[in-house]
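Novice: Task: produce atomic coordinates for the following.
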Amino acid sequence: QVQLVESGGGLVQTGGSLRLSCASSGSTSENYAMGWFRQVIGKEREFVASSTWSGTYYADSVKGRFTFSRDSAKNSVHLQMNNLKPEDTAVYYCASQGGPSFGYGNSWTEYQYWGRGTQVTVSS
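Specialist: This next block holds a predicted model:
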C-alpha cells in the first residue's frame, strides 16, 4: 500500500504562486510514475503533470507556468505553480502508480494510489 498526503494549497490572487507538496509512504519506488491531477466539482479529473521513466510531462494549459519536481531522498514530489489564473482553481490530487509502466502518466486510469487532495483557489 502507498499513502499520499498533499499540502500547500490555499487562496492566492491572479498571477501569484503556490507550491504543492505530496509526501508518500509505503510500497513506492522512485521508478514508478507519479502525477498531479485536478478536479472541479461537476467536471472530470484533469491531468496536470507527471513524472515517468521517460520524462516529465505537462498539460498544455499549465506548460511554462507549472514545474513538477521529485525528491527521491524524501519520498516526495512537488508542483511549483506560477502565474496562477482563476481557471487553475480546483482540488489538486497527487497520484502514484503501483508498478513500472510505459505510458506518459497523463490518464487518471494509470494510477492506483491517490491522495485526498488540496484546494487551490485563485481569485481574480
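
Novice: For Tyr93, which residues are in contact?
Specialist: Contact partners of Tyr93, counting by CB atoms under 8 Å, 6 or more residues apart in numbering, are 6, 36-39, 45, 114-117. For glycine as for every other residue, the C-beta is placed from the backbone atoms N, C-alpha and C.

Novice: do you know how far it is from Trp53?
Specialist: Between Tyr93 and Trp53 the computed distance is 21 Å (CB to CB, to the nearest Å).

Novice: now swap in Ala95 and tell me
Specialist: Distance of Ala95 to Trp53, computed by CB to CB: 16 Å.

Novice: Compare neighbour counts for these two and give me the winner.
Specialist: The residue with more neighbours, out of Ala95 and Trp53, is Ala95; 24 against 12, by other CB atoms under 10 Å.

Novice: ok but the more buried one is inside a strand, no?
Specialist: Yes: assessed by DSSP: H, G, I helix; E, B strand; the rest coil, Ala95 belongs to a strand.

Novice: Quick check on the closest residue to it other than its chain neighbours: phi, psi?
Specialist: Here the nearest residue to Ala95 in space, its sequence neighbours aside, is Tyr111; by CB to CB, 6 or more residues apart in numbering that works out to 3.8 Å. Main-chain torsions, Tyr111, degrees, to the nearest 10: phi -110, psi 140.

Novice: Could you pull up the contacting residues of Tyr111?
Specialist: Listed by CB under 8 Å, 6+ apart, the contact set of Tyr111 reads 33, 35, 95-97, 105.

Novice: Show the contacting residues for the spatially most central residue of the chain.
Specialist: With distances taken as CA atoms, centre = their mean, Trp36 lies nearest the centre of the chain, 1.9 Å away. Counting by CB under 8 Å, 6+ apart, Trp36 makes contact with 20, 22, 48-50, 68, 77, 79, 92-95.

Novice: Just the ones in strands from those, please.
Specialist: Among these, DSSP state E puts 20, 22, 48-50, 68, 77, 79, 92-95 in strands.

Novice: For ChimeraX, write a command that selects the buried ones of the residues you listed.
Specialist: What follows is the ChimeraX syntax for the buried subset of the ones in strands among the contacts of Trp36, where burial is set by 16 or more other CB atoms under 10 Å:
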select :20,22,48,49,50,68,77,79,92,93,94,95
